[in-house]
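In: next one to model:
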Amino acid sequence: SLCQGVPNSSSGKLTLKAIRFKYAESKLNVSAPYKFTYANNYPYQPAAKDRWEIYKPNTAGMGNTLFPFTEQSNATNDYAKAWSLSEINLPSGGVIKVDYESDDYAYVQDKKAMEMFVIKGFGTSPSFFGGNRLYLNEYQPCLYLYFNRRITDENPNLTFRQNYLSESDLLYYNVPAEIKTGQFEPVKGFAQIKEIGACSDGIHGYLKMDPRFLEGSSAIASPIVYTALNMGRYNLPQIMFPGQDPDVSAMNNIMFGIAQSIQDLFSIFKNPIKHYMQQYIAQTTQLSNAFIRLNTPGLKKKGGGQRVKSIKFYDNWASMANGNNAVYGKEYKYTKMADDGSGEISSGVASWEPSVGGDELPQHLPVHYTIQNGSVFPPNDPVELYQESPIGESFFPSAVVGYSKVTTRSINFDIGRSSQSEDVDCFYTAKDFPVIVKSSPINSSISNKYYLLQSEENGVSTQGYSISLNDMHGKILSTEHWAIKDRKS
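Out: Numbers count the residues shown, from 1 in each chain. Next up, the predicted model:
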């Protein structure tokens, strides 16, 4: 009866609902079985899952294919309970209830957890503006971008920058740009952030990007537009240069190519980025599909699976012997004090994150290289590309959330004199023992050979890498038992 609609069944998955014991020919115990109840019986949907393979509704519009990231709301706690055993009715009349919640974590190895925020607009000032234009003209880039704050999660003891962009001034973005009328291409890259703060409306935050000043021109481009136009020039020539479109006839391509060549002849002394901006290429974006990567405010990022929140036993003594009902049990707390003492954060650490939705990984940083040098005449900017670190990511550990500290208390901690104690279990995590990647310097050599009518140049470059792994994630560090008076002292 679980997960109705699963394709290999006419109803749902095979479900254990009760266990009965029979001794020889006696049927006395058959009438008092163990009965099992399960939480949140969502129907089967093949795409209803997040990047951690945990249930998440595949809503219309921004579905899980485009946005596979875990929803950072209390609803995720309900999703994490899906189809899990939640209640056992005992033959004695008692009931055991198990409550679950979503895993969360503050770090991915030794980096603070980050997540993708939807961009709510682009503008030219710290005041919120929900515009979808990346620039107004070649002299007025929209360097400010805006996002929805999560005010309830922010740490009031930290600055705005410390809450949202604490470890680097580099901002990762994934923004679709309109390279051709009606055709949007995803543009991914990194921008240097000059300023970050809260908008005056109390709802949004803003980030201001450093502009790109174009060679041989007074024109200014935002990093997103600069990357989009260079990406189009080198990766999408069929769009940027008429005459190379495979979807039109050869004759039309020839005619378009001739016309483009004449136009290029008159613009040979103009910076190509400025030239495209004057044609308003890559001026607009789709805000619903535009994202930036920021730190998780409060450092309690949901994701990773489920964990036990509490286990409770109800004896139901009143119904059996006219006595008083009692409830016993344990509750589990997965938090710790931040290293800087600024407040309570999750004690969770992810050994890595799933490759699906890997944009959120804080370790994904650029290693820049230049494929074309700039020139003063004709004016042209250097073309820089990047590859993402870390090198050798396929060797990294699988994605698992572990906890550096788990505190266990009685559910009657605040009222029962005999239950005023707690157990604290501490563990090593990938934060203490991250994967270490090292590289040797690049060694290059060039040799030349000259012949009667030609010459030959050979280049060789070598570089070595080492990736140091370990298995310390989840190993026991200590186990402590504290009486409340000891803890206070």
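In: so, low pLDDT: which residues of the protein?
Out: Across the chain, the stretches falling below the confidence threshold (pLDDT under 70) are 241-250, 252-269, 321, 374, 376-379, 485-489.
In: list the neighbouring strands of the strand ranked longest in it plus their orientation.
Out: If you go by DSSP state E, the chain has its longest strand at strand 183-198. Strand pairing for strand 183-198, using DSSP bridges, gives strand 170-180 (antiparallel), strand 204-209 (antiparallel).
In: ok, and which of those has the densest surroundings?
Out: Ranked by average neighbour count under the criterion mean count of other CB atoms under 10 Å, the strands paired with strand 183-198 are headed by strand 204-209 at a mean of 22. (Each C-beta comes from the backbone N, C-alpha and C, glycine too.)
In: got the buried residues for the longest strand of the chain?
Out: 184, 185, 187, 189, 190, 191, 193, 196, 198 (16 or more other CB atoms under 10 Å).
In: got it, and stretch 395-406?
Out: Buried residues in stretch 395-406, counted by 16+ other CB under 10 Å: 396, 399, 401, 402, 403, 404, 405, 406.
In: can you check stretch 54-69 too?
Out: Using 16+ other CB under 10 Å as the test for burial, stretch 54-69 gives 54, 55, 56, 57, 64, 67, 68, 69.
In: out of the strands paired with strand 183-198, which is closest to residue 354?
Out: Residue 354 sits nearest to strand 170-180 of all these, at 16.7 Å, using CB to CB.
In: tell me where the stretch 251-400 of the chain has strands.
Out: In the stretch 251-400 of the chain, the strands defined using DSSP state E, counting those that start in this stretch lie at 291-295, 301-314, 327-333, 335-337, 344-346, 348-350, 365-372, 383-389.
In: angle of the last one against strand 183-198?
Out: To tie it back to what came earlier, the one meant is strand 383-389. Interaxial angle of strand 383-389 relative to strand 183-198 (axes from the mean of the first three to the mean of the last three CA atoms, to 10 degrees): 70 degrees.
In: same for strand 383-389, what does it pack against?
Out: Applying 3 or more CB pairs under 8 Å, 6 or more residues apart in numbering; DSSP states H and E, we find strand 383-389 packed against helix 223-235, strand 365-372.
In: same question for the fifth one.
Out: With contacts taken as 3+ CB pairs under 8 Å, 6+ apart, strand 344-346 sits against strand 335-337.
In: run me through the strand neighbours of the strand it packs on, direction for each.
Out: For strand 335-337, pairing defined by DSSP bridges yields strand 344-346 (antiparallel).
In: burial count for the closest residue to residue 373 other than its chain neighbours?
Out: With CB to CB, 6 or more residues apart in numbering as the criterion, residue 373 has its nearest non-adjacent residue at 5.4 Å, and that residue is residue 382. Number of residues near residue 382 (other CB atoms under 10 Å) recorded here: 12.
In: same thing with the one 5 residues further on?
Out: By the other CB under 10 Å criterion, the neighbourhood of residue 387 contains 9 residues.
In: any chance of TSV for the strands paired with strand 183-198, columns distance to residue 110?
Out: Output for the strands paired with strand 183-198, formatted as TSV (distance: least, CB to CB, whole Å):
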stretch	distance to residue 110
strand 170-180	17
strand 204-209	24
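In: looking at those, which is nearest to residue 229?
Out: Each of those was checked against residue 229 via CB to CB, and the shortest separation belongs to strand 170-180, namely 8.4 Å.
In: what's in contact with that closest one?
Out: Residues outside strand 170-180 that contact it (CB atoms under 8 Å, 6 or more residues apart in numbering): 116, 119, 134, 165, 184-193, 207, 209, 224-225, 228, 232, 236, 239-240, 281-286, 289-294, 359, 364-366.
In: check stretch 119-135 too.
Out: The set of residues that contact stretch 119-135 without belonging to it, under CB under 8 Å, 6+ apart, is 136, 140-148, 173, 175, 177, 195, 197, 199-201, 203-204, 206, 208, 221-222, 224-225, 228, 277, 282-287, 290-292.
In: quick one: contacts for residue 279?
Out: Taking CB under 8 Å, 6+ apart as the definition of contact, residue 279 has no neighbours.
In: mind starting the numbering at 181 from now?
Out: Sure, I'll start numbering at 181, so the last one becomes residue 459.
In: what sits opposite residue 630 in the beta ladder?
Out: Per DSSP bridges, residues listed as beta-bridge partners of residue 630: residue 635.
In: same check on residue 229?
Out: The residues listed as beta-bridge partners of residue 229 by DSSP bridges are residue 235.
In: against residue 343, how distant is it?
Out: Applying CB to CB, to the nearest Å, one obtains 29 Å for the distance of residue 229 from residue 343.
In: who has more neighbours, those two?
Out: Counting neighbours by other CB under 10 Å for residue 229 and for residue 343 shows that residue 343 has the greater number, 25 against 18.
In: what helix or strand is that one on?
Out: helix 340-344 (DSSP states H and E).
In: what residues of that helix count as buried?
Out: Neighbour-count burial for helix 340-344, with 16+ other CB under 10 Å as criterion, is recorded at 342, 343, 344.
In: which elements pack onto it?
Out: Using 3+ CB pairs under 8 Å, 6+ apart, the elements in contact with helix 340-344 are strand 363-378, strand 471-475.
In: what's the closest of those to residue 397?
Out: Nearest to residue 397 among these is strand 363-378; the distance by CB to CB comes to 20.3 Å.
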